[in-house]
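Trainee: Make a model of this:
(one chain, ligands or ions: 1)
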Amino acid sequence: MKLIYGTAWKKERTAELVELALRTGFRGVDTACQPKHYNEPGVGEGIANSGINRSDLFIQTKYTSVRGQDPDNIPYDPSSPLETQIKKSLETSLKNLKTDYLDSLVMHSPMDTFEETLEGWKVMEQFVTDGKVKQLGISNCYSYDFFVDLFEKVDQKPAVLQNRFYADSGYDINLRKFCLDNNVTYQSFWTLSANPHLLEHKILTDLATKNSVTPAVVLYRSLSEIGVVPLCGTTSSKHMSEDLNLMEFDLNKDDINNVFSLLS
Ligand SMILES: NC(=O)c1ccc[n+]([C@@H]2O[C@H](COP(=O)([O-])OP(=O)(O)OC[C@H]3O[C@@H](n4cnc5c(N)ncnc54)[C@H](OP(=O)(O)O)[C@@H]3O)[C@@H](O)[C@H]2O)c1
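Mentor: Predicted coordinates for the structure are as follows:
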């Protein structure tokens with residue numbers, strides 16, 4: 001899967017846009033049990049309306065801790081023990097998404113401490129054992145040491161690292177290398193919104209013109225060549241179609257190296 005459809009901030013248009021994305025050709029969908037930013041029931045509705053077989057889809061959602069929730073709209077009892085919170089979050093996601101299993105469950109960010117993160121991870125591991133979740137991941141984890149420590153200490157290894165792809169983190173160069181070496185999919189978000197300087201750079205605009213695509217597609221394609229899977233949050237039917245054609249043109253090694261020279 002080269003691109004995943006991101007569903008944040010789509011509010012009442014979520015169902016319509018998810019259905020459109022799936023009908024246009026997306027097969028992966030990312031959401032979260034976090035009503036503050038995601039309309040997870042709308043995602044479930046869009047999936048159902050698309051008519052696409054469940055087995056052809058990759059559905060990913062997130063457990064969001066109390067810290068990441070709107071205090072007036074938390075999808076579990078915040079005073080309950082952590083295990084109960086995470087179980088309730090999963091139960092809500094499965095109901096919202098109208099499915100009996102998730103392809104991927106992501107911890108939205110590390111918990112307050114490493115120990116608490118491990119405690120939460122153990123609860124999520126049980127979901128894998130029970131067959132309710134196929135794989136686990138973590139997001140907003142920018143510390144190399146933290147991620148590697150988590151990777152080494154848990155039984156069910158993170159299969160996904162979902163991070164903001166931006167200059168302030170040095171584009172996670174070390175984390176991305178670890179992911180490549182250890183069979184972890186690095187999913188990027190804010191790939192376009194955090195990088196207008198890349199999209200406007202002559203290297204990207206020239207490659208875009210040469211290949212009759214947009215600079216956004218050149219960036220998505222370049223990332224795809226190094227194993228990164230971008231989350232694509234477009235609301236435009238045109239952008240969806242253009243983006244999904246990311247493999248339909250030639251980009252040689254020099255072109256790709258030129259794009260990545262901009263990240264250092
Ligand atoms: N784990 C986390 O904490 C976290 C945080 C933020 C986001 N995410 C996930 O990442 C997803 C994507 O995030 P995002 O929406 O901020 O980032 P994005 O995909 O980098 O940016 C989307 C913006 O770029 C514009 N755009 C222009 N040309 C585009 C093109 N060819 N293709 C796609 N977009 C184009 C879109 O406008 P148009 O609508 O006009 O195309 C939209 O305003 C979210 O929906 C969510 O699933 C996760």
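Trainee: Give me the phi and psi for residue 62.
Mentor: phi -130, psi 150 (degrees, to the nearest 10).
Trainee: Now look at stretch 31-46 and say if it contacts the ligand.
Mentor: No: judged by C-beta under 6 Å from any ligand atom, stretch 31-46 and the ligand are separated, with a smallest distance of 6.6 Å. The way it works is simple: take the backbone N, C-alpha and C, and place the C-beta from them, glycine included.
Trainee: Kindly state the pLDDT recorded for the residue sitting furthest away from the middle of the chain?
Mentor: If you look at how far each residue of the chain sits from its centre, by C-alpha atoms, centre = their mean, the farthest one is residue 210, at 29.8 Å. Note on residue 210: pLDDT of 95.
Trainee: go on, the one 4 residues further on?
Mentor: With respect to pLDDT, residue 214 has a value of 97.
Trainee: repeat for residue 13
Mentor: 98.
Trainee: For the closest residue to it other than its chain neighbours, list the residues it contacts.
Mentor: Using C-beta to C-beta, 6 or more residues apart in numbering and skipping residues adjacent in sequence, the residue nearest residue 13 is residue 235, 6.9 Å away. By C-beta atoms under 8 Å, 6 or more residues apart in numbering, the contact set of residue 235 is 10, 13, 17.
Trainee: Apply 10 Å and report the result again.
Mentor: Shown in contact with residue 235 (C-beta atoms under 10 Å, 6 or more residues apart in numbering): 9, 10, 13, 16, 17, 20, 21.
Trainee: what's the burial count for the fourth one?
Mentor: This points to residue 16. 15 (other C-beta atoms under 10 Å).
Trainee: Would it be right to say that residue 61 lies in a strand?
Mentor: Yes: looking at residue 61 with DSSP: H, G, I helix; E, B strand; the rest coil, it is inside a strand.
Trainee: My guess is it contacts residue 41. True?
Mentor: No: when contacts are counted by C-beta atoms under 10 Å, residue 61 is not listed as touching residue 41 (11.7 Å).
Trainee: residues contacting the residue farthest from the centre of the chain?
Mentor: 218, 249, 250, 251, 255.
Trainee: For it, grab phi and psi.
Mentor: Here residue 210 shows phi and psi, under degrees, to the nearest 10, equal to phi -60, psi -40.
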